[in-house]
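S.K.: Provided below for reference: sequence and predicted model.
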Amino acid sequence: MSYSLGHYLRNFPIRYYLAGGLISRDEPGVLFFLSTEAASVLVVRRRRPIAYENKIDEVVDHPPIPGVGATLSSVARAFTAKLLARNRLHGSPRIILVPDFGTEDLYCNIHNAENLRDYSIEELLASLHEEPRQVIGAWDDPREFRWSVLGANLQEVSGRIDRQHTRLMIVGIPRQYCDECESWTEAQQGSLLGIVPAPVACLRWFIETFPLEGRIGFVVLALAQVIVVAAIQDQAITLIRQYENDFDFVEKELSAIAAQLGSDQPPYICVWSAGDSPIRLATRLRGLALDEEALQKTCGSPVLVRHPNRTRQEVRDAKAYLLMWLESKMV
């Protein structure tokens, strides 16, 4: 999620530069959390939240949502044009998509670098594109995927795989979904800054925002189709797993994983939910619920958006805090 200038030059639409996008600082950022149960959008300008809307999946020309059929509108730029017009904003939107995938559409796992046969990140990516089984082993999905390789701290990595890369996270999502997102963004006459799977965005946010000071921590993400469990130590991911929405099984798995890690102290457990309040699940797991109150204390201030009567209104939604943090990293 920390991209180089070369990445921007390779991936941004040429018309974005011709419109002055390379030097413009006034264009709005439009960030989407795309889920079958909790699709939302946050509009930001000059590092300030302007508007936040829920249930955008009910709008005909919404962005592609995993698990929902594409509904590309024949009216060019309809969705973002209306969104910006409602909020009296102008310019070419800078778009970030945070899709909430099911287990079949997201490969996300930690690999020990010493078990990889490739000697550089570039060679590793080439192997994944050529034949994922060369790297992953058991892989029988016939679809083409797009792949990324991150460090255990979820920062972008490149160059030779050496001692500083003891663990690497490999992330893959279907190429067809990426193509749909790019086509939709093109119709909006905007620039696509990134497609960041929800677990990757949430875990990077947690690593940077919640220092554990040497303790082992578990982050439990209650998403629409899956529950994601990640073990974190020294601000790096040591393990990540995806489960079906079975809380009983996840509770047993957490105990088993904690025993395997052999920590002297009980692990610190945090629970985040994209939909319902995480309090019930956090109480069951004897952990901290990252609800709106906890996030406001951690972030230091609430997310305030403009109200039609010109007052500021607080957004009480955990997704808004995630998207606001992501905007500060990518836009």
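M.R.: Okay, I see it.

S.K.: can I assume Cys202 is in contact with Val229?
M.R.: No. With contact defined as CB atoms under 8 Å, Cys202 does not reach Val229; the gap is 11.9 Å. Bear in mind the C-beta positions are built from the backbone N, C-alpha and C, glycine included.

S.K.: So the two - more neighbours on which side?
M.R.: Cys202 (26 against 20; other CB atoms under 10 Å).

S.K.: Doesn't that one belong to a strand?
M.R.: No. Assessed with DSSP: H, G, I helix; E, B strand; the rest coil, Cys202 is helix; it does not lie in a strand.

S.K.: check contacts around it.
M.R.: Val219, Leu221, Val228, Trp272, Leu322 (CB atoms under 8 Å, 6 or more residues apart in numbering).

S.K.: May I see those residues arranged in TSV, with distance to Arg146 and pLDDT as well?
M.R.: Shown next, in TSV, are these (distance: CB to CB, whole Å; pLDDT from 0 to 100):
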residue	distance to Arg146	pLDDT
Val219	25	95
Leu221	22	96
Val228	20	96
Trp272	25	95
Leu322	22	95
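
S.K.: Narrow those to those in helices?
M.R.: Leu322 (DSSP state H).

S.K.: Just the closest of the contacts of Cys202 to Ala198, please.
M.R.: Leu221 (7.4 Å; CB to CB).

S.K.: The closest one and Ile227 touch, don't they?
M.R.: Yes. Look at Leu221 against Ile227 with CB under 8 Å: they come within range, at 6.8 Å.

S.K.: Got phi/psi on Thr209?
M.R.: Backbone torsions of Thr209, given as degrees, to the nearest 10, read phi -110, psi -30.

S.K.: excluding its backbone neighbours, what's nearest it?
M.R.: Thr298 (6.2 Å; CB to CB, 6 or more residues apart in numbering).

S.K.: what's near enough to touch that neighbour?
M.R.: Thr298 touches Thr209, Phe210, Leu290, counting by CB under 8 Å, 6+ apart.

S.K.: now, which of these sits nearest Val250?
M.R.: Nearest to Val250 among these, with distances taken as CB to CB, is Leu290, at 16.2 Å.
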